[in-house]
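>>> can't give you the sequence, but here's the structure:
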């Protein structure tokens with residue numbers, strides 16, 4: 001039996017009107033908004049950043065994680081790569097265990113605040129959240145703690161049509 005052709009999964013996008021066979025379901029913020037909004041010379045003087053951790057002015061501590069939204073009736077997940085602000089001692093604990101085997105069973109969960117605005121939702125920056133540490137090589141998971149459409153989607157999932165619409169909206173300039 002042959003696998004279905006890409007055309008079998010084709011659909012017409014409501015945003016751009018084009019026919020697509022695939023779209024990405026993973027989008028990431030490169031930086032916490034507080035870092036992204038700085039002038040480049042300020043960044044050099046005030047911040048230290050890596051692909052997964054950021055410190056601003058020695059008093060803002062950021063960890064990069066993933067917020068996963070299940071796509072109902074599929075095995076797929078819509079993933080937001082986002083930044084979470086947390087207390088210095090929690091940041092230090094995570095940093096100290098970054099390369100520790102079995103770290104997901106040794107530390108956490110941690111409380112924090114979301115550090116990114118997401119254009120598809122009402123105010124997301126500063127939402128309360130929980131950070132759940134994952135195995136080595138995997139970014140922490142982020143779970144929204146307060147009533148918000150993002151939390152509802154994370155708990156209830158979204159339809160495939162909604163995931164496709166979100167993807168197209170995010171890819172359309």
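Sure thing, it's come through. Since we're looking at a predicted model, the values are computed, not measured.

>>> next one: phi and psi at residue 31?
Main-chain torsions, residue 31, degrees, to the nearest 10: phi -140, psi 160.

>>> thought it was touching residue 83?
Yes: in this structure residue 31 lies within contact range of residue 83 using CB atoms under 8 Å: 7.0 Å. The way it works is simple: take the backbone N, C-alpha and C, and place the C-beta from them, glycine included.

>>> so between those two, which is more surrounded?
The neighbour count for residue 31 versus residue 83, taken as other CB atoms under 10 Å, is higher for residue 83 (26 against 19).

>>> state the mean pLDDT of stretch 119-133.
Averaging pLDDT along stretch 119-133 yields 96.

>>> so which bits of that stretch are buried?
Along stretch 119-133, these residues count as buried under the neighbour rule (16 or more other CB atoms under 10 Å): 124, 127, 129-131, 133.

>>> on that earlier part again, which residues do residue 31 and residue 83 both contact?
By the contact definition CB atoms under 8 Å, 6 or more residues apart in numbering, residue 31 and residue 83 are jointly contacted by residue 54.

>>> circling back to that earlier point, tell me which of the buried residues of stretch 119-133 fall in helices.
Using DSSP state H, no member of the buried residues of stretch 119-133 falls in helices.

>>> residue boundaries of the strands in the chain?
11-12, 19-20, 26-28, 47-49, 53-56, 60-70, 77-86, 110-114, 128-132, 141-144 (DSSP state E).

>>> so which of those strands is nearest residue 95?
strand 53-56 (6.5 Å; CB to CB).

>>> what strands line up against the closest one, and which way round?
According to DSSP bridges, strand 53-56 forms sheet pairs with strand 47-49 (antiparallel), strand 60-70 (antiparallel).

>>> where does the protein dip in pLDDT?
Judged by pLDDT under 70, the chain has its weakly predicted residues at 1-22, 173.

>>> ok, now with 50
Applying pLDDT under 50 to the chain flags the ranges 1-8.

>>> mind giving me the packing neighbours of the biggest helix by length in it?
The longest helix of the chain (DSSP H) is helix 160-171. Contacts defined by 3 or more CB pairs under 8 Å, 6 or more residues apart in numbering; DSSP states H and E place helix 160-171 against strand 77-86.

>>> and the nearest residue to residue 25 once chain neighbours are set aside, what is it in contact with?
Computed as CB to CB, 6 or more residues apart in numbering, the closest residue to residue 25 that is not its neighbour in sequence is residue 78, at 4.7 Å. If a contact means CB under 8 Å, 6+ apart, then residue 78 has 25-26, 68-71, 158, 163, 166-167 as its contacts.
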